[in-house]
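K.L.:
Fold the following for me, if possible:
(chains A and B)
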Amino acid sequence: DSGVTQTPKHLITATGQRVTLRCSPRSGDLSVYWYQQSLDQGLQFLIQYYNGEERAKGNILERFSAQQFPDLHSELNLSSLELGDSALYFCASSGAGGVDNEQFFGPGTRLTVL
Amino acid sequence: AQKITQTQPGMFVQEKEAVTLDCTYDTSDQSYGLFWYKQPSSGEMIFLIYQGSYDEQNATEGRYSLNFQKARKSANLVISASQLGDSAMYFCAMREGRGFKTIFGAGTRLFVKA
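P.N.:
Predicted coordinates:
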């Protein structure tokens, strides 16, 4: 158990819909990262937040947005969903005690868009 | 531009033997970090080992060691005394010092034979 929690574990929805994925980092971690893992694209970095501020942006679509709240949990919002958005979405956290070399991954949310 | 290459889609190793998983990277930064993660069939991502670009010694964590050859831009993972539980997908990743994006290679699937 990495200490990172993600909800829900599975999500099935239809094209055009909007969903929110939630992540709670490990206690004390200030950084939260979001990744998308799909069969055709592999593991792609989406976005990172540090203590509530956006720190880095990767291959995140404009239909996707994220935020980190004062209690450090984070949400990834996916809108106007397409079939190709079906993937495993991971959240990771790091930074406890100032160490940012390890990212601890949550169990992931498997999104299926029908 | 950042790039991570894992040239071995699949590898077989006999139980109790050592195995090397290859990883080469490309970056123009002097400061960067290299990571290896394990993803079992259950799907979670497990952090294995980290090597900083300025670390003079190769990183080791139990049965895992990272063979870091900076001039060749390679960061191979060595697993000693393979166990059946080592059968999984292994990802090499890199984070550049200037930014905070982490990119992953395509992965190598390791099969440990009894």
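
K.L.:
any idea which element the residue nearest in space to the middle of chain A lies in?
P.N.:
Nearest to the geometric centre of chain A sits residue A:34, at 3.2 Å (CA atoms, centre = their mean). Assessed by DSSP states H and E, residue A:34 sits inside strand A:31-38.

K.L.:
and that strand, how far out from the chain's middle?
P.N.:
Computed by CA atoms, centre = their mean, to the nearest Å, the separation of strand A:31-38 from the middle of its chain amounts to 4 Å.

K.L.:
Show me what it is packed up against.
P.N.:
The contact analysis (3 or more CB pairs under 8 Å, 6 or more residues apart in numbering or on different chains; DSSP states H and E) places strand A:31-38 against strand A:42-50, strand A:74-78, strand A:87-94. C-beta: built from backbone N, CA, C; applies to glycine.

K.L.:
my guess is residue B:1 meets residue B:26, correct?
P.N.:
Yes. Contact criterion CB atoms under 8 Å: residue B:1 and residue B:26 qualify, at 7.4 Å.

K.L.:
got the residues of chain A near chain B?
P.N.:
By the rule CB under 8 Å from any CB of the partner chain, the part of chain A lying against chain B is A:2, A:31, A:33, A:42-45, A:48, A:50, A:55-58, A:88, A:90, A:92, A:101-105, A:107-108, A:110.

K.L.:
buried residues in stretch B:69-83?
P.N.:
By 16 or more other CB atoms under 10 Å in any protein chain shown, the buried positions in stretch B:69-83 come out as B:73, B:74, B:75, B:76, B:77, B:78, B:79, B:82.

K.L.:
which residues sit against stretch B:5-20?
P.N.:
Contact partners of stretch B:5-20, identified using CB atoms under 8 Å, 6 or more residues apart in numbering or on different chains, comprise B:21-26, B:67, B:76-84, B:86, B:91-92, B:105-114.

K.L.:
Turn the buried ones among the residues you listed into a named ChimeraX selection, would you?
P.N.:
Selection of buried members from these for ChimeraX, criterion 16+ other CB under 10 Å:
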select /B:21,22,23,24,25,67,76,77,78,79,82,86,91,92,105,107,108,110,112
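
K.L.:
Chain A next: which of the contacts of stretch B:5-20 are close?
P.N.:
Residues of the contacts of stretch B:5-20 in contact with chain A (CB under 8 Å from any CB): B:91, B:105, B:106, B:107.

K.L.:
Same list (the residues you listed) but as TSV, adding pLDDT, secondary structure and distance to residue B:60.
P.N.:
Converted to TSV, these look like this (pLDDT from 0 to 100; DSSP: H, G, I helix; E, B strand; the rest coil; distance: CB to CB, whole Å):
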residue	pLDDT	secondary structure	distance to residue B:60
B:91	97	strand	19
B:105	95	coil	21
B:106	94	coil	25
B:107	96	coil	22
